[in-house]
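A.B. asks: What follows is a predicted protein model with its sequence.
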Amino acid sequence: MTSRDVIRLPARRMTPLLALLGARRSTRSFTGSALHVDGLSHVLRAGLGRRPDGGSVVPSAHGLYRLGIRVIAGGVGGLSPGTYTYSPTDDVLLSDIEGDHRAEVASATLVDEEWAQKASALLVVTVELSVLQSHFHDQPPVGQRGDRYAWMEAGHISQSIYLAAAELNLRTVLIAGFDDDRLSATVASLFPSMPAGSTPVALMALDGR
Ligand SMILES: Cc1cc2nc3c(=O)[nH]c(=O)nc-3n(C[C@H](O)[C@H](O)[C@H](O)COP(=O)(O)O)c2cc1C
């Protein structure tokens, strides 16, 4: 085996971003009560809010912006139990249906039902997959590029949510292990305003501390 040069990197600069990345972690023990709508708003703005210049805080292939964050609130202080859609353009929550629906959503996960339903809120990242698929249909590998971009954008949103939660000392975890068909059906019933052809791509549990 040939020897390889080792290039020492410059000294680490402990910036606020690196500190935040160092504080990010997945948490799965929830009390279901300590999250306030202030914290939820901060997380939503970090996940999908607008920049001061009108762009988005997360990148989007061809600037299509067809991913959304939908909220299943059960124990969020200052917010009635119900389902809500975050509108980044107006920076508001739009109500969908009333009531605590966390257990229905948690039961569509593969192994996480028991603790996931205890989080104050569950956030579902959805994508208008059919729009991405048809928009990128001519980019090889044909038929797959739209799906790939959806996963990538969901990753950006999830990481931003993780970082915002770390910043405010909230608890969160990305749950991507779920029954696709079951979660799709549940989310469709909980969010009647959701555009046709939308699909859940990520689920995050969010709680206070
Ligand atoms: C694509 C992806 C899917 C994940 N799915 C789940 C999941 O279904 N359930 C869960 O409890 N954690 C899930 N996680 C969280 C990982 O288990 C977690 O990130 C990992 O254990 C490392 O821990 P850390 O996030 O605290 O660094 C997922 C993470 C990623 C990136």
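C.D. replies: Perfect, I can see it now.
A.B. asks: Would you indicate which residues of the longest helix seen in the chain are buried?
C.D. replies: When the chain is parsed with DSSP state H, its longest helix is helix 145-167. Neighbour-count burial for helix 145-167 flags 145-147, 149-150, 153-167 (criterion: 16 or more other Cβ atoms under 10 Å). For the C-beta atoms, the positions are set from N, CA and C on the backbone; glycine is no exception.
A.B. asks: cool, stretch 189-201 as well?
C.D. replies: L190, F191, M194, S198, T199, P200, V201.
A.B. asks: How about the worst-scoring helix or strand of the chain on mean pLDDT and the ligand, touching?
C.D. replies: Lowest mean confidence among the helices and strands of the chain (mean pLDDT, DSSP states H and E): helix 113-116, at a mean of 92. No. Helix 113-116 lies out of reach of the ligand by Cβ under 6 Å from any ligand atom, never closer than 8.1 Å.
A.B. asks: What lies in contact with that helix?
C.D. replies: R28, S29, F30, R102, V105, A106, S107, T109, L122, I175, L203, A205 (Cβ atoms under 8 Å, 6 or more residues apart in numbering).
A.B. asks: go on, stretch 10-21?
C.D. replies: Contacts of stretch 10-21 (Cβ under 8 Å, 6+ apart): L163, A166, E167.
A.B. asks: cutoff 10 Å now
C.D. replies: G22, Q159, Y162, L163, A164, A166, E167 (Cβ atoms under 10 Å, 6 or more residues apart in numbering).
A.B. asks: ok, back up a step: quick check, distance from the least confident helix or strand of the chain to the centre of its chain.
C.D. replies: 17 Å (Cα atoms, centre = their mean, to the nearest Å).
A.B. asks: neighbouring strands for the next helix or strand after it, and are they parallel or not?
C.D. replies: The C-terminal neighbour of helix 113-116 among helices and strands, as given by DSSP states H and E, is strand 121-128. With DSSP bridges as the test, strand 121-128 is paired with strand 67-73 (antiparallel), strand 198-207 (antiparallel).
A.B. asks: Going along the chain, name the helices of the protein.
C.D. replies: 16-23, 37-48, 102-106, 113-116, 129-135, 145-167, 180-190.
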